[in-house]
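>>> Got a sequence here, can you build the structure:
(chains A and B)
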2 protein chains.
Amino acid sequence: MDQLIASLHEALPDEAILTDPDVTATYANDMAGFCEAGAPAVVVMPRTVEQVQHVMRTATALRVPVVPQGARTGLSGAANATDGCIVLSFVRMDRILEINPVERIAVVEPGVVNAVLSRAVAEQGLYYPPDPSSWEQCTIGGNIGTGSGGLCCVKYGVTAEYVLGLDVVLADGRLLSTGRRTAKGVAGYDMTRLFVGSEGSLGIVVKATLALKPAPREQLALAAEFPSAAAACEAICEIMARGHAPSLLELMDRTTLRAVNTMANMGLPESTEALLLAAFDTPDPAEDLAAVTAVCKAAGATEVVPAEDTAESELLLQARRLALVALEKVRSATMIDDVCVPRSRLAEMIDGTAAIAERHDLTIGVCAHAGDGNTHPVVCFDPGDADEARRARISFDEIMALGLELGGTITGEHGVGILKKEWLAREIGPVGLELQRGIKKTFDPLDLLNPGKLF
Amino acid sequence: MDQLIASLHEALPDEAILTDPDVTATYANDMAGFCEAGAPAVVVMPRTVEQVQHVMRTATALRVPVVPQGARTGLSGAANATDGCIVLSFVRMDRILEINPVERIAVVEPGVVNAVLSRAVAEQGLYYPPDPSSWEQCTIGGNIGTGSGGLCCVKYGVTAEYVLGLDVVLADGRLLSTGRRTAKGVAGYDMTRLFVGSEGSLGIVVKATLALKPAPREQLALAAEFPSAAAACEAICEIMARGHAPSLLELMDRTTLRAVNTMANMGLPESTEALLLAAFDTPDPAEDLAAVTAVCKAAGATEVVPAEDTAESELLLQARRLALVALEKVRSATMIDDVCVPRSRLAEMIDGTAAIAERHDLTIGVCAHAGDGNTHPVVCFDPGDADEARRARISFDEIMALGLELGGTITGEHGVGILKKEWLAREIGPVGLELQRGIKKTFDPLDLLNPGKLF
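Numbering: from 1, shown residues only, chains lettered A, B, ... in the order given. All right, here's what the predicted structure looks like:
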């Protein structure tokens, strides 16, 4: 331990090395529940690539595990510390190095906050689409580690589609550059995509070249009330099958609506079992909204409210923004699941989740990035009530089992971390697991990079 | 050899096993020049996954290398046979298993021809964008192996972005399923993307789940004549910087234009040094064409001809379609390079290529997917003239060196194969190469899968 700290001091300034246990303890966790977390030996806050290389060389020499962290807004425990580890926090390595409208790229350090980047590129008429709910806090490095998504993914895709190239410090401190600055490139294996979603287990991202889109037009939204989740899901399938390209297509189930209604007094009728929000940033969004209104009515919507301007749109989307906050008021804690199913199975997923909630006598509200089939069942529970916490954990797992049964995946955008390790093995099977472990061993033979995560 | 054939016969019908040397010799090559090719021991044409598994089990038991092949339209020698290998040809495993408009996916066998799939999904109002020039011949399996691009990539992206999940037979015959049927998913390392562009060196793709888009509107094109490549490239940069989303943005240099003019008598004036083709499939393409016309004129275009309807568009695009055929008439052979550079360096790439041609006294025409910075310098030469062939090979390499110097990649969409092995090492460097070899070893410890390709 003394040797570790002394070694780190050789190339890092004092202010970059935190050892006070009261301080380091605050870096033990991300935002996931039910995940063990150890006590870090030290928290290091590098500002340069060379400093990160020094940390990794030290870690390798002394066989100390390293846990990289961004804003610790993750929901799977992927950023949780292990006992005696070096926490490598990137919050100070947060420069935007380049924004280039001709190449439509940005080059950034990993600690840049998503919203900061989004605003900076918007000033130049550009758009960085991935927009996780935590976008005001979460970092691009964390987004790359987990393969984050968001609300706009239904039209614009996920983080993986926006990472062109990476600089990565390997376990032994060597620097690897992957990918490219160009729009296309197929030289060798796609190492860039291998790092995206690898949760810091293969190398430490220290620079990223990101693809940007032209700034979209302002979106116009509608809200549609349905008497059942099944009817809402029928509308969703029809919207997608007809070739519409919504920039947002979100669903809230009955439980979520009740919670939002209670908190914000939105005046939603009791008869509404599901609320669908759709938005378009097309040249003529009113035309798209009219077409979607017709689809919703044909599927049984009791009420469809299209916004006439951006301000009205924002009001309609307010309910979605409040969903998680409202559900968090139901009990003292929540666990947010992240099961993605084929669109055609969405109704079964939502109704099945309601059945799980009833069976375990729990409140589970479902918000979904419905256009992608990506559901976020929010399990509400009181961690002080041992039996309720146990039932919460069981229902969380049953939700994943249901997702797999419906042809889905255990994680659409939150990642595996610690929380879903057993479930990753179930989803990808023994052959997949063996190969993933082989890849891990190729990159990190001493198992120092975020050990104990993923598998 | 006898043992190999006997073993194959255990699980494959006679008609699936070709051993006549005159026949097997015709499966030695893809369409790349300057690449060695060995004599296959046998060509196997499986129809089922189980048959592929049997082939791989046999190959592993007898330590025989396996070279997977699609339509052999590749341009890097990635499908070239090695001496004594099993060629595994997928041309008979060509069923479209599913087209699903709600999930916006297609599930296909690897031997499906790109154009066949494209037409089949179009019938259901859907769109499979990747459109390599060889789309009437090339197979989806080959497209996945090389990470193919095409003309529409400037708006719709490349093959990698459309592969959601794969079934892969591993070197030892085990079956691996990667990825998903869902729109999103981040469960574990992205094995799917690792296989895309891996040129059959990690496993044999036997089924693919592909993402589809809604069918686009018809596109409307314009042609713009420029007095220099630099002026055309200035227009390209400005078009992209202004946030336009062309569905096609192609450039032909002077040499290409001369060849097309000579062959098809297109009546292009001698003063035209570069021709830019732009198309839009937006709701109001005429509006976009008007804006791009203004950009082109400001950049110095001497003539801009916007099409007024689809038929006129097709006429304008004709010149691009004839480019390769016209260049092939210059000398008896061509070698097509595939260097992708940042858009802002495109003019330097084109002018630099012209200088290389002059220095080596060769004809080298450049067609480019200009919106992506992806150039295809076509080196024309007579293979019967040893010195000219030597100069062709040298200039081909100098073009790649120039691309790297300009911050580009040696291959935008054709892959590495045999042709660019040395250049891959130069592009990704020793650390990248070591890790890629490590990945290869994890998947294929006996080095049986398409050995000698990539690195």
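>>> How is chain A divided into domains?
A:2-89, A:96-214, A:218-327, A:330-420 (automatic domain parsing).
>>> Tabulate the ones you listed (a markdown table), appending distance to chain B and mean neighbour count.
Bear in mind the C-beta positions are built from the backbone N, C-alpha and C, glycine included. Formatted as a markdown table, those follow (distance: least, CB to the nearest CB, whole Å; neighbours: other CB atoms under 10 Å in any protein chain shown):
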| stretch | distance to chain B | mean neighbour count |
| --- | --- | --- |
| domain A:2-89 | 10 | 20 |
| domain A:96-214 | 3 | 23 |
| domain A:218-327 | 3 | 20 |
| domain A:330-420 | 4 | 22 |
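>>> just so I know, which of these lies nearest residue B:303?
domain A:96-214 (24.7 Å; CB to CB).
>>> thinking residue A:360 is in contact with residue A:393, fair?
No. Using CB atoms under 8 Å, residue A:360 makes no contact with residue A:393, being 9.9 Å away.
>>> Strands of the stretch 301-450 of chain A, start to end?
Using DSSP state E, counting those that start in this stretch, the strands assigned to the stretch 301-450 of chain A run over residues A:303-306, A:333-336, A:339-340, A:363-369, A:374-381.
>>> just the stretch 101-250 of chain A next, same as before
A:105-108, A:126-127, A:163-169, A:175-179, A:204-211, A:213-214, A:220-226, A:248-253.
>>> could you dump these to TSV with mean pLDDT and distance to residue A:275?
Listed next are the strands of the stretch 101-250 of chain A as TSV, based on pLDDT from 0 to 100; distance: least, CB to CB, whole Å:
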stretch	mean pLDDT	distance to residue A:275
strand A:105-108	98	35
strand A:126-127	98	27
strand A:163-169	98	33
strand A:175-179	98	41
strand A:204-211	98	33
strand A:213-214	97	29
strand A:220-226	97	6
strand A:248-253	98	5
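>>> Please identify which of these is closest to residue B:36.
Ranking the strands of the stretch 101-250 of chain A by proximity to residue B:36 (CB to CB) places strand A:175-179 first, at 29.4 Å.
>>> and that closest one, how far out from the chain's middle?
Distance of strand A:175-179 from its chain centroid, counting by CA atoms, centre = their mean, to the nearest Å, is 24 Å.
>>> partners of it in the sheet?
Looking at strand A:175-179 with DSSP bridges, its partner strands are strand A:163-169 (antiparallel).
>>> returning to that earlier point: mind putting the strands of the stretch 301-450 of chain A in CSV, mean pLDDT included?
Formatted as CSV, those follow (pLDDT from 0 to 100):
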stretch, mean pLDDT
strand A:303-306, 96
strand A:333-336, 95
strand A:339-340, 98
strand A:363-369, 97
strand A:374-381, 98
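>>> now these in TSV, with distance to residue A:130?
Compiled in TSV, the strands of the stretch 301-450 of chain A are given as follows (distance: least, CB to CB, whole Å):
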stretch	distance to residue A:130
strand A:303-306	27
strand A:333-336	18
strand A:339-340	15
strand A:363-369	12
strand A:374-381	13
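>>> what's the closest of these to residue A:432?
strand A:339-340 (17.4 Å).
>>> mind listing what residue A:125 touches?
A:101, A:214, A:215, B:243 (CB atoms under 8 Å, 6 or more residues apart in numbering or on different chains).
>>> need those residues in CSV with distance to residue A:206, can you?
Below are the contacts of residue A:125 laid out as CSV (distance: CB to CB, whole Å):
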residue, distance to residue A:206
A:101, 25
A:214, 28
A:215, 28
B:243, 30
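>>> Tell me the one of the residues you listed nearest residue A:124?
Nearest to residue A:124 among those, with distances taken as CB to CB, is residue A:101, at 5.5 Å.
>>> so the closest one touches residue A:124, yeah?
Yes. Between residue A:101 and residue A:124 there is a contact under CB under 8 Å: 5.5 Å.
>>> re the thing from before, now, among the contacts of residue A:125, which is nearest to residue B:56?
Looking across the contacts of residue A:125 and measuring by CB to CB, the closest to residue B:56 is residue A:214, at 45.8 Å.
>>> isn't that closest one right up against residue B:245?
Yes. Counting by CB under 8 Å, residue A:214 does reach residue B:245; the two are 6.6 Å apart.
>>> Dump the domains of chain A to a markdown table, plus distance to residue B:225.
As requested, those are arranged in a markdown table below (distance: least, CB to CB, whole Å):
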| stretch | distance to residue B:225 |
| --- | --- |
| domain A:2-89 | 47 |
| domain A:96-214 | 22 |
| domain A:218-327 | 30 |
| domain A:330-420 | 43 |
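>>> Quick one, which of these gets closest to residue B:88.
domain A:96-214 (20.6 Å).
>>> host element of residue A:266?
Under the criterion DSSP states H and E, no helix or strand holds residue A:266.
>>> Enumerate every residue touching it.
Per CB under 8 Å, 6+ apart, neighbours of residue A:266: A:260, A:319.
>>> What segments of chain A are helices?
Taking DSSP state H as the criterion, chain A carries its helices at A:2-9, A:21-24, A:49-62, A:114-122, A:140-146, A:153-156, A:191-195, A:229-241, A:254-264, A:285-298, A:310-328, A:346-359, A:386-405, A:421-443.
>>> is chain B contacted by the longest one?
So that's helix A:421-443. Yes. Judged by CB under 8 Å from any CB of the partner chain, helix A:421-443 and chain B are in contact via A:424, A:427-429, A:431-432, A:435-436, A:438-439, A:441-443.
>>> what mean pLDDT does that helix have?
Averaged across helix A:421-443, the pLDDT comes to 97.
>>> Just the buried positions in that helix, please.
For helix A:421-443, burial by neighbour count (16 or more other CB atoms under 10 Å in any protein chain shown) applies to A:421, A:423-425, A:427-428, A:432-433, A:435-436, A:439-440, A:442-443.
>>> Could you list the residues in contact with it?
Helix A:421-443 has contacts (CB under 8 Å, 6+ apart) with A:170-171, A:194, A:201-203, A:397, A:400, A:404, A:409-410, A:416, A:447, A:449, A:453-455, B:170, B:174-178, B:187-189, B:191, B:435, B:438-439, B:441-443.
>>> okay, the angle between it and strand A:175-179?
Interaxial angle of helix A:421-443 relative to strand A:175-179 (axes from the mean of the first three to the mean of the last three CA atoms, to 10 degrees): 110 degrees.
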